[in-house]
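Undergrad: build me a model:
(chains A, B, C and D)
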Number of protein chains: 2
Amino acid sequence: MADIRSIPTLDDVAKTAGVSTATVSRCLNSPDRVVESTRQRVMSAVEKLGYTPNFGARILVAKRTFTIGAIIPTMENAIFARGLQAFQEELRKKGYTLLVASSAYRPEMEEEQIRTLVSRGADGLLLIGHDRDPSLYEYLDRQEVPVLVAWTYAADASQPSIGFDNRASIRALTQEVLNLGHTQIAIISGITKGNDRARQRIEGIEDALAANGLDPKSMHIVETSYDIERGGQAFDKLMSLEKRPTAVMCGNDVLAAGALRCARERGLDVPGDVSITGFDDIELAKVVIPGLTTVHVPHREMGRKAASELVKMVEKKSVGKSIKLQTSLQIRESLGPVMPQGPTDTGTGPEDFREDS
Amino acid sequence: MADIRSIPTLDDVAKTAGVSTATVSRCLNSPDRVVESTRQRVMSAVEKLGYTPNFGARILVAKRTFTIGAIIPTMENAIFARGLQAFQEELRKKGYTLLVASSAYRPEMEEEQIRTLVSRGADGLLLIGHDRDPSLYEYLDRQEVPVLVAWTYAADASQPSIGFDNRASIRALTQEVLNLGHTQIAIISGITKGNDRARQRIEGIEDALAANGLDPKSMHIVETSYDIERGGQAFDKLMSLEKRPTAVMCGNDVLAAGALRCARERGLDVPGDVSITGFDDIELAKVVIPGLTTVHVPHREMGRKAASELVKMVEKKSVGKSIKLQTSLQIRESLGPVMPQGPTDTGTGPEDFREDS
DNA sequence: TGGTGAAATGCAAGCGCTTACATCATAACT
DNA sequence: AGTTATGATGTAAGCGCTTGCATTTCACCA
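TA: From the prediction side, this is the model:
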């Protein structure tokens, strides 16, 4: 009996209970394979010693860690935080724990994080978006780590994904904007490099324009990082153009909130002078004045379903199917009809200018 | 040479490089103990085979997982998300990975999560607030898992903590409110059970009242969960009182944002009819109209410093010192002087009534 | 050229657990 | 009562890695 205070092992429990280690192990892992009386003896020994199985030893044998890794761009954006929260809750229900890392939207950083989580023994990985060096997928494949891509949906991609159709969603919103008479539309987009969602959102807007006989290339696009301040700056830039857009569609709600604030600072009425739209429908969209017209995305549902699908993949109950979620338009006050007498000048041929800042 | 595609082990690398496993291990862990030529041979074998050390085996021996656990109430509140983000970034720099769980503000859930993370081999734990069953601390002590408490500062507590003085911070804010002539103050607090921060914030307000010769017990306190909707409902309740408060101080910015929205819906002018304050200074506080007067908390700094202190503790370079951070008042438009002709009636003796819903 | 010490490498013993297989006890048959 | 199934428990072989100690190598010196 080692009385020197130290972490007890299976062996200690076995000794105090007067059984073999195998029996203790069975008590813990498949209690029905052990008879009631011994089980009680063992359990009270466990209790008495305050025994907790050694994780390393367990996974060394089990070849599983019951740990799932998630790498998201940042927890600071409410959409990821919320999705991750739901993801974690669902994981917990299934007996898994969440390992988290963030990439700050930087591909090299993400790659490093992927390798770290894999070497940490993650049984499966949740990644955001498809855009990624193919060699990374090969690596993951070799390591036999299942991957689920979230926040986007692409049935034809090599990896299973769960999410929504970014392109179609914003196209629907754009149609709404166009129906209100807007023809001068500008975009404040997130950085598109390594971000398929951002690109798809731009494409969706272009789709709508084309479908309505407008030149998709006529839009002014400002690319900036997802940040309230940056959104404001981008908006300011757009409003300083000679030909002001009558509607500014933003890549997400955070950018839109920045735009809204800037509009207010410039004394511009929204939607009187200019309409503003967002994407995501986070809390911010409801709190802001005027309320933000945006695309509602079921983040919680996505997190939850991502967890169950990924766990299924890890447990080989699924080879990974792609799941498409529905989005819906959330029309609020920030979108209104175009005002003919607005500050917009009447130029008909907006320049073909795309800025990649 | 096992050509059957499977995850390579140290042994495989040793064989292909023609050395012993010990040498390979040394190449990976202390490269300077191996001569250049063999190291190259080994490294190219590692490369060729795509070898990644087995996590379980490594930690079984090392008795360390280089993993830190954090249990926070929820990632949905931006303050935790932001702090956690900084925490994770700093951890990564030091070679640690973050294991995350959330308790949804529920003590039993938190306890379960603590045990889970410990059994998952977390080398150290970040917990929010001190309020916790002492047996849990004993357990952690027995398991030899260092714990750092965050989001609060208490030099005299049994556990080291990093954070700010909730009580003094809000007391300063309250003084500001009192200076503007308010005497009828109400509080919308978070649930205080198991939440020392929430309690301290109430106490801080009471301190200020007492210091200014007002009866601390005169305040109407509504307790509700941290949620925009709930904040609105609580505010609504307060505004329906016969003796309306002229200032409503909220436990955090989320509650305050709800209050603000409700005020708007009721057609109440803020701060003309009623002043509203928050706590945390999250993004929301800047975006809302009118801008929210609140207490600025350095969440990122807290996350960062928590990470370095906790790592020090894990590496036994510190026994855990408490760190106090400074907060500052962030005065914005939602706080204004009390208007004598406001809707507040002139009753002088507010009822001694405290509600714990 | 033989001797020496330091540096490089190999050997092998675990780390704490799970599990296939062997053994033993018990209850249920003929 | 003797023989079997059947279930409960024990034995011991790893899982893949690190590391103390033993052995080998080699540069350097007398």
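Undergrad: and the residue nearest to A:Thr294 when sequence neighbours are not counted, how far is that from chain B?
TA: Excluding its sequence neighbours, the residue lying closest to A:Thr294 (CB to CB, 6 or more residues apart in numbering or on different chains) is A:Gly278, at 3.9 Å. C-betas here are computed from N, CA, C, even on glycine. Using CB to the nearest CB, to the nearest Å, A:Gly278 is found at 12 Å from chain B.
Undergrad: next, count neighbours for the residue in the stretch 251-357 of chain A that DNA strand C sits nearest to.
TA: Across the stretch 251-357 of chain A, the shortest distance to DNA strand C (CB to the nearest atom of the strand) belongs to A:Glu315, at 14.1 Å. When neighbours are defined as other CB atoms under 10 Å in any protein chain shown, A:Glu315 has 13 of them.
Undergrad: re earlier: the residue nearest to A:Thr294 against A:Asn252, yeah?
TA: Yes. Contact between A:Gly278 and A:Asn252 holds when scored by CB atoms under 8 Å: they sit 6.2 Å apart.
Undergrad: assess the claim that A:Arg41 and A:Thr23 are in contact.
TA: No. At 9.5 Å, A:Arg41 and A:Thr23 do not qualify as touching, with contact defined as CB under 8 Å.
Undergrad: chain center to stretch A:24-31, what's the gap?
TA: Put simply, stretch A:24-31 sits 38 Å off its chain's centre (CA atoms, centre = their mean, to the nearest Å).
Undergrad: say whether chain B is contacted by it.
TA: No. Judged by CB under 8 Å from any CB of the partner chain, stretch A:24-31 stays clear of chain B, getting no closer than 11.2 Å.
Undergrad: who in chain A is up against DNA strand C?
TA: Chain A comes close to DNA strand C at residues A:7, A:9-11, A:21-22, A:25-26, A:28-29, A:51, A:53-54, A:56-58, A:60-62, as judged by CB under 7 Å from any atom of the strand.
Undergrad: mark which of those are buried, thanks.
TA: Buried members of these, scored by 16 or more other CB atoms under 10 Å in any protein chain shown, are A:Thr9, A:Leu10, A:Ser25, A:Arg26, A:Leu28, A:Tyr51, A:Pro53, A:Asn54, A:Gly56, A:Arg58, A:Leu60.
Undergrad: is it true that the second one touches A:Arg26?
TA: No. Proximity of A:Leu10 to A:Arg26 does not meet the contact threshold set by CB under 8 Å, at 11.0 Å.
Undergrad: for A:Ala234, give its distance to A:Cys250.
TA: Per CB to CB, to the nearest Å, A:Ala234 is found 8 Å from A:Cys250.
Undergrad: excluding covalently adjacent residues, which one is nearest to the residue in the stretch 151-300 of chain A positioned nearest to DNA strand C?
TA: Closest residue of the stretch 151-300 of chain A to DNA strand C, CB to the nearest atom of the strand: A:Pro160 (27.6 Å). Closest residue to A:Pro160 apart from its sequence neighbours, by CB to CB, 6+ apart: A:Gly320 at 3.3 Å.
Undergrad: surely the one you found is within a strand?
TA: No. Under DSSP: H, G, I helix; E, B strand; the rest coil, A:Gly320 sits outside any strand and is assigned coil.
Undergrad: what is the neighbour count of it?
TA: Neighbours of A:Gly320 under the rule other CB under 10 Å: 18.
Undergrad: what sits against the residue minimising distance to the centre of chain A?
TA: Nearest to the geometric centre of chain A sits A:Phe80, at 4.5 Å (CA atoms, centre = their mean). Contacts for A:Phe80 (CB atoms under 8 Å, 6 or more residues apart in numbering or on different chains) come out as A:Ile72, A:Pro73, A:Thr74, A:Ile128.
Undergrad: for DNA strand C, state which of the residues you listed is nearest.
TA: Nearest to DNA strand C, judged by CB to the nearest atom of the strand, of the contacts of A:Phe80 is A:Ile72 at 31.5 Å.
Undergrad: tell me the confidence at the closest residue to the closest one other than its chain neighbours?
TA: Closest residue to A:Ile72 apart from its sequence neighbours, by CB to CB, 6+ apart: A:Phe80 at 4.6 Å. Note on A:Phe80: pLDDT of 94.
Undergrad: just the element for A:Phe80, please.
TA: Element membership for A:Phe80 (DSSP states H and E) is helix A:78-93.
Undergrad: please save the CA atoms from the next helix or strand after that helix in CSV.
TA: The helix or strand immediately downstream of helix A:78-93 is strand A:97-102, counting by DSSP H and E. C-alpha atoms of strand A:97-102 as CSV (Å, rounded to 0.1, in the frame of the first residue of the first chain):
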residue,chain,number,x,y,z
THR,A,97,-14.6,16.4,-25.6
LEU,A,98,-13.7,19.4,-27.7
LEU,A,99,-10.2,20.5,-28.6
VAL,A,100,-10.3,24.0,-30.0
ALA,A,101,-7.9,26.0,-32.1
SER,A,102,-8.3,29.1,-34.2
